[in-house]
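# Sequence and predicted structure below; questions after.
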Amino acid sequence: MMLLRRLRPLLLLLVCAMLMGAPGAWAAEPLRIGSKRFTESYILAEVLAQTVRADEPSAEVEVRQGLGNTAIVHAALKAGSIDVYPEYLGTIEREILGHASTGAPLEQLQTELRPLGLAIGVPLGFNNGYALAMRSAQARELGLTTLSQLKAHAALKLGLSNEFLGRADGWPGLSKRYALPQTPTGLDHGLAYRALADDQIDITDVYTTDAQIAALDLTVLADDGHFFPRYDAVLLYRIDLPQRHPQAWAALQTLRGRIDETAMIAMNAQAEVKRQPFDAIAREFLAARGQSGASLASSSSAAGHASASAGTARSGLWSRLTGPDLGRLTLQHLALVLGAVALATLVGVPLAVALHPWPRWREALLAVCALLQTVPSLAMLALLIWAMNRIGPVPALVALTLYALLPVLRNCTVGLSEVSEGLTTAARALGLTRGQVLRSVQLPLALPVMLAGLRTATSLSVGTATMAAFIGAGGYGERIVTGLALNDQTLLLAGALPAAALALLFEGAFGLMAWGLARRRGA
C-alpha cells in the first residue's frame with residue numbers, strides 16, 4: 001500500500017537504530033549485572049562490574065541500572081535478563097520468600113531459593129536496614145526518639161517511598177506493630193529528602209546507610225518494638241552463574257566482607273552530596289582497597305549504561321546533555337519510537353481497512369484501543385513483564401505499540417470515512433476492483449488524515465518511551481530515572497531536553513511531509 005511504501009525509509013532507520021543501539025547483540029553472552037532504583041544499588045552494581053573487569057579486562061559486562069523495585073529486579077533475575085544483583089537478606093526473606101518473620105538460617109534460604117534457580121552468595125560486609133527519620137529540630141521540639149511515640153502524634157505528615165508502602169516489612173507491618181494512626185503519602189525515595197528539607201513532610205523512610213541522614217541533620221527514630229529485620233547486603237544470583245562465568249564469579253568472591261557500613265555511607269555521600277558519578281565512586285573505592293589502578297582505568301571505558309548517564313562531568317547542564325552516552329541513548333530511544341509507530345502502522349492500517357465496511361466492529365475495536373490508553377504506563381509495563389517473563393526492549397516496544405495503536409487506527413478510519421461515496425461508486429462503475437479502488441482512490445485521499453495520526457502517535461511515543469528505562473530498555477529515560485534516584489535536577493533535564501528536541505524534530509519532519517502532500521495535490 002502507498003502508506004507503507006512511504007514508511008519504508010522509517011523502517012530502514014528502525015533496523016539501523018536497533019542494530020546500532022545493541023552493539024553487543026552478536027557477541028558472546030555478557031555477564032549482566034542489575035540494580036534497583038536507589039543510589040546504593042547503583043553504586044554496588046558498578047563495584048561488581050569493575051571488580052570483574054579489573055580481574056578480566058576483556059570480559060563482557062553489561063550493567064542494567066535502575067530497573068525498579070524488588071519485584072521487577074527479582075523477575076528480571078528469574079527470567080535470565082540479568083545474572084546477579086545486590087540484595088539484602090531481610091528483603092529476600094520477607095519479600096521474595098514471603099516469610100512472616102526473619103532470621104532463618106542461610107541454608108534454609110538457599111534450599112527455598114534453589115527451585116527458583118537462584119542462590120545467595122558473597123556477603124558484602126554491611127547491614128543497611130529500614131528506619132523512619134525526621135528533622136532533628138522537630139524531633140527535639142516534640143520529644144520524639146522512638147517509633148512507638150508516633151502513636152501520640154497523628155497530625156505528623158508521613159511521606160514514604162512507594163515500595164515501602166507496599167512491602168510486608170514496610171508500612172503495612174510497621175503501622176500494625178506500633179498501631180500508628182497516620183495516613184502516609186507515597187512518593188519517590190529520591191524526592192523524599194527534598195520534601196523533608198522543605199517541610200512538606202515530617203517523616204520519611206530511610207536506609208540506615210543513607211548519606212542524607214547526616215547531611216540534612218535528621219534523627220533516626222529507634223525501632224523500640226524491634227520490627228525491622230537485619231538487611232545484610234549479599235549477592236542474589238542465578239544458580240548457574242558460577243558455571244557460565246567462572247572467572248567473573250571468582251572475581252566477585254574477592255568482595256566478601258570488604259564493604260563496611262562506614263565505607264558504604266561514604267560512597268553514598270559521594271553520589272548524593274558531592275554529585276560524583278557512580279563509576280568514579282566504584283573505581284576510587286576499589287583502588288583504595290588494592291585493586292589494580294591500571295585495570296580499573298581501562299575498565300572505565302566500558303562502564304555500564306546508567307553509570308554513563310550519571311558519569312558525565314557534573315559541572316553544568318551542557319556537559320551532561322552532551323555526555324558520552326548521548327549517542328547510545330538516542331539510538332535506543334529512536335529504536336523504541338520508530339519500532340512502536342511502525343508496528344502500530346503495520347497492525348492498525350490493515351485493521352482499519354478490513355473493518356471499514358463494518359461500523360459496529362470498527363467502533364468496538366476503537367473502544368478497546370481507547371481503553372488501553374487509560375492503563376498507566378508503569379502498570380502496563382509491569383503487566384507485560386509478568387506476561388512475557390522478561391524485561392528490556394521487547395515488553396517496552398509492545399507497550400509503546402499498544403499506546404500508538406489508537407491514533408493510527410482512529411485516523412485511518414476517519415480518513416477512509418471522509419472519502420466521498422460518489423468517488424468510490426464512480427471508480428467501481430469504471431470497472432475498478434475493490435482493491436484497486438482502495439489503492440488508487442481511498443488511501444491516497446485518506447493519506448493526509450492518516451499521516452496526522454502517525455504524527456500524533458510518534459509524539460506520544462517519544463514521551464512515553466522515557467518510561468522504558470524503568471525496565472532496562474534504555475533511551476533518554478535512563479538519565480531521568482537516575483536523576484530521580486539522586487534528586488539531581490540537572491540530570492533530569494539532561495534526559496528530558498533531548499526527548500523534547502526529538503519530539504520537535506519529528507514534528508518538523510511530519511510537517512514537511514504534510515506540506516509536500518498538500519503541494520502535490522495543489523499542483
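Ah, there it is.

# from here on, contacts and neighbour counts on C-alpha atoms
Noted.

# For the spatially most central residue of the chain, list the residues it contacts.
Most central in the chain under CA atoms, centre = their mean is residue 470, positioned 0.9 Å from the mean C-alpha point. Contact partners of residue 470, counting by CA atoms under 8 Å, 6 or more residues apart in numbering, are 66, 67, 68, 477, 478, 481.

# ok, now residue 171?
Going by CA under 8 Å, 6+ apart, residue 171 touches 164, 165.

# make it 10 Å
By CA atoms under 10 Å, 6 or more residues apart in numbering, residue 171 lies in contact with 160, 161, 162, 163, 164, 165, 177, 180, 184, 205.

# Now that we have the residues you listed, which of them are buried?
Among these, those classed as buried by neighbour count (16 or more other CA atoms under 10 Å) are 160, 161, 162, 163, 164, 165, 180, 184, 205.

# got those as JSON lines, with pLDDT, secondary structure and distance to residue 72 columns?
Below are these laid out as JSON lines (pLDDT from 0 to 100; DSSP: H, G, I helix; E, B strand; the rest coil; distance: CA to CA, whole Å):
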{"residue": "160", "pLDDT": "93", "secondary structure": "strand", "distance to residue 72": "19"}
{"residue": "161", "pLDDT": "88", "secondary structure": "strand", "distance to residue 72": "16"}
{"residue": "162", "pLDDT": "83", "secondary structure": "helix", "distance to residue 72": "14"}
{"residue": "163", "pLDDT": "82", "secondary structure": "helix", "distance to residue 72": "11"}
{"residue": "164", "pLDDT": "90", "secondary structure": "helix", "distance to residue 72": "15"}
{"residue": "165", "pLDDT": "89", "secondary structure": "helix", "distance to residue 72": "16"}
{"residue": "180", "pLDDT": "95", "secondary structure": "coil", "distance to residue 72": "29"}
{"residue": "184", "pLDDT": "93", "secondary structure": "coil", "distance to residue 72": "23"}
{"residue": "205", "pLDDT": "94", "secondary structure": "strand", "distance to residue 72": "21"}
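
# Find me the pLDDT at the residue nearest to the centre of the chain, would you?
pLDDT recorded at residue 470 is 80.

# For residue 83, see how far away it is.
Counting by CA to CA, to the nearest Å, the gap from residue 470 to residue 83 is 18 Å.

# ditto for residue 247
In this view, residue 247 and residue 83 are 14 Å apart by CA to CA.

# more neighbours, the two?
More crowded of residue 247 and residue 83, by other CA atoms under 10 Å: residue 83, with 24 against 14.

# shouldn't that one be in contact with residue 34?
Yes: with contact defined as CA atoms under 10 Å, residue 83 reaches residue 34; the gap is 7.6 Å.

# who touches both of these two?
62, 76, 77.

# so can I have a markdown table of these showing pLDDT, distance to residue 423 and secondary structure?
Formatted as a markdown table, the shared contacts of residue 83 and residue 34 follow (pLDDT from 0 to 100; distance: CA to CA, whole Å; DSSP: H, G, I helix; E, B strand; the rest coil):
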| residue | pLDDT | distance to residue 423 | secondary structure |
| --- | --- | --- | --- |
| 62 | 90 | 58 | strand |
| 76 | 87 | 55 | helix |
| 77 | 92 | 58 | helix |
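
# Sort out which one of those residues lies nearest residue 415 for me.
residue 76 (42.4 Å; CA to CA).

# contacting residues around the closest one?
Residues near residue 76 by CA under 10 Å, 6+ apart: 34, 67, 70, 82-84, 385-386, 389-392, 471-472.

# Next one: it from residue 94, what distance?
Residue 76 is 18 Å from residue 94, by CA to CA.

# Give me the three-state assignment for residue 419.
At residue 419 the chain is in coil, as set by DSSP: H, G, I helix; E, B strand; the rest coil.

# Ramachandran angles for it?
Dihedral pair for residue 419: phi -70, psi 130, per degrees, to the nearest 10.

# Which secondary structure element of the chain has the lowest mean pLDDT?
The helix or strand of the chain with the poorest confidence is helix 293-300; it has a mean of 40 (mean pLDDT, DSSP states H and E).

# before we move on, back to that, quick one: least confident of the contacts of residue 470?
Within the contacts of residue 470, residue 68 has the lowest pLDDT, namely 78.

# check contacts around residue 179.
Counting by CA under 10 Å, 6+ apart, residue 179 has contacts 148, 150, 151, 173.

# Per-residue pLDDT of it, please?
95.

# Kindly report the same for residue 304.
pLDDT, residue 304: 43.

# Which neighbouring elements make contact with the top helix by length along the chain?
For the chain, the helix with the greatest residue count under DSSP state H is helix 489-522. When contacts are defined as 3 or more CA pairs under 10 Å, 6 or more residues apart in numbering; DSSP states H and E, helix 489-522 sits against helix 305-311, helix 317-321, helix 326-355, helix 443-464, helix 477-486.

# if you set the cut-off to 7 Å instead, what comes out?
Where contact means 3 or more CA pairs under 7 Å, 6 or more residues apart in numbering; DSSP states H and E, helix 489-522 is packed against helix 317-321, helix 443-464, helix 477-486.

# Could you give me the ChimeraX syntax to select whichever of the contacts of residue 179 are buried?
Here is the ChimeraX command that selects the buried residues among those (16+ other CA under 10 Å):
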select :148,150,173
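
# Out of the contacts of residue 179, which comes closest to residue 509?
When the contacts of residue 179 are ranked by distance to residue 509 (CA to CA), residue 173 comes first, at 53.9 Å.

# Apart from its chain neighbours, what residue comes closest to residue 251?
residue 52 (5.6 Å; CA to CA, 6 or more residues apart in numbering).

# And for that neighbour, the neighbour number?
Residue 52 has 26 neighbours, counted by other CA under 10 Å.

# quick one: average pLDDT of whichever strand or helix holds it?
According to DSSP states H and E, residue 52 maps onto helix 39-55. Here helix 39-55 scores 94 as its mean pLDDT.

# Report all helices and strands that it contacts.
strand 84-88, helix 246-253, helix 278-288, helix 293-300.

# what's next to the shortest one, contact-wise?
Contacts of strand 84-88 from elsewhere in the structure, counted by CA atoms under 7 Å, 6 or more residues apart in numbering, are 32-35, 41, 44-45, 77, 231-238.

# again, 6 Å this time
Here strand 84-88 makes contact (CA atoms under 6 Å, 6 or more residues apart in numbering) with 33, 34, 35, 231, 232, 233, 234, 235, 236, 237.

# In terms of secondary structure, what does the host helix or strand of residue 132 contact?
Assessed by DSSP H and E, residue 132 sits inside strand 130-135. Applying 3 or more CA pairs under 6 Å, 6 or more residues apart in numbering; DSSP states H and E, we find strand 130-135 packed against strand 203-207, strand 218-220.
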